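below is the sequence, then the predicted model.
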Amino acid sequence: MLYNDIYAITDIDASVSALRMFSASFDISRSLKDVFVIFKQESDLPGVILTRNGIYVDVLFRVKFFELMSQSFMMEIFKNKPIEFFQTEYPTAKKLLLPAYTLIVKAVELVLQRQLEYRDDPVVVETANGEKKLIDVHRLLLAHNHIHMLTMQQLKNANSFKDEMLHIIAHDLKNPINGITGYALMIEECVELEDEQKKWVANIQKSSSKMLELIRELLKSASEENGFSLHKSEFSLNKLLNEVVSSHEKDSRHKGQMIVLENQSACECTINADRLKLYEVFENIISNAVKYSPVNTSITIGIKEGAAGCEVHISDRGPGFSQTDRKHLFKKFQRLSARPTAGESSSGLGLYIVKNIIELHKGNIFVEDREGGGSTFVVALPETSCKP
């Protein structure tokens, strides 16, 4: 096969010198007829190196040579002339000269930066001993494409291995962590403890819970990346929000916070969506509102009719978001400037997962500054109907 040598390249750092290079050369005093003969004999030869007394002078590209030879009477005029005469009358177009250690990726980048009329010209390569050789640009592009495909396959394999290891590690960690939590509960129930010791046991339980939460979020993140199918059904968005709020009442009361559901009677929203996934969305946003809001403040949640469907507005009196925070708000593993107000844990994955789920529902999420301080998350969802 013509390109077997290129397909043998497997190293992403393979250099141009790993490709097949052409070393046909002529002294510039030779006849153009000699060049014509070798081009006809070697159909894949992209050009010839021109020398004078063994020293590199120029390069004669095959395509440019035959373009000129194809003109009327050109062969008769030039076939017995020296190459030097040809080069003087029709000088070589712009050449790309690269050292042999140039990476294929870089070489292709430079090829594609050339003007369109020169893009198909061969690349001139200088080897370690100073010798000049040629590489056909199409061979170079083919090698680049092959390396790209190999790299993509390696990345896919690495990603699959990462996911497999993540699930194995997460599964193996859950059991000992649950064991720690269980032993802490047994100590609390079966042993008479002093106040200081009770705090130690409570800290063990709290730390174990944080570790389990981090493992769950890591697994969720891996699941989102690999994709999942939505299981849609029609349900009341108002009832879903009530359920999520109820699950956070204990934490909010502990911080003296009040979660207020507004406009419940003004807009009854029915939605066709994945109920479990949307529960996860609002659980994350409301959980963050509780985590980052100061004690003795209120968190308000309202449903409004938007341009494309129902909008859920979740407002808090937290520190808000700086311009830098907003750039990274929905990215993975981002720790923003704000910190939880009671030492709660944060993995930096919640909002990344939230945005993925909402986008899968063809919806949108954005954040606004709240008048008087704090911020408002707006979740806009299609396939909804809002009735008073």
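Cool, the structure landed. Numbering: from 1, shown residues only.

which parts of stretch 181-199 are buried?
For stretch 181-199, a neighbour-count test (16 or more other Cβ atoms under 10 Å) marks 181, 184, 187 as buried. Where C-beta positions appear, they are placed from N, C-alpha and C, glycine not excepted.

what of stretch 104-120?
Using 16+ other Cβ under 10 Å as the test for burial, stretch 104-120 gives 104, 107-108, 111, 114.

returning to that earlier point: among the buried residues of stretch 181-199, find me the one that's closest to Val367.
Taking Cβ to Cβ as the measure, Val367 sits nearest to Thr181 out of the buried residues of stretch 181-199, at 34.7 Å.

domains in the chain, by residue range?
4-135, 146-226, 232-387 (automatic domain parsing).

quick one: mean pLDDT over stretch 43-57.
Mean pLDDT, stretch 43-57: 90.

apologies, that question was intended for stretch 117-127.
In the prediction, stretch 117-127 has an average pLDDT of 87.

repeat for stretch 191-208
Mean predicted lDDT for stretch 191-208 stands at 81.

put the alpha carbons of that stretch into PDB.
Extracted C-alpha coordinates of stretch 191-208, given in PDB (Å, rounded to 0.1, in the frame of the first residue of the first chain):
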ATOM      1  CA  VAL A 191     -21.700   3.900  75.400                       C
ATOM      2  CA  GLU A 192     -22.100   6.500  78.100                       C
ATOM      3  CA  LEU A 193     -20.200   9.500  76.700                       C
ATOM      4  CA  GLU A 194     -19.100  12.800  78.000                       C
ATOM      5  CA  ASP A 195     -20.000  16.000  76.200                       C
ATOM      6  CA  GLU A 196     -16.600  16.300  74.600                       C
ATOM      7  CA  GLN A 197     -16.700  12.700  73.400                       C
ATOM      8  CA  LYS A 198     -20.200  13.200  71.900                       C
ATOM      9  CA  LYS A 199     -18.700  16.000  69.800                       C
ATOM     10  CA  TRP A 200     -16.000  13.700  68.600                       C
ATOM     11  CA  VAL A 201     -18.600  11.000  67.600                       C
ATOM     12  CA  ALA A 202     -20.700  13.700  65.900                       C
ATOM     13  CA  ASN A 203     -17.600  14.900  63.900                       C
ATOM     14  CA  ILE A 204     -16.900  11.300  62.800                       C
ATOM     15  CA  GLN A 205     -20.500  11.000  61.500                       C
ATOM     16  CA  LYS A 206     -20.300  14.400  59.800                       C
ATOM     17  CA  SER A 207     -17.000  13.600  58.100                       C
ATOM     18  CA  SER A 208     -18.300  10.200  56.900                       C
END
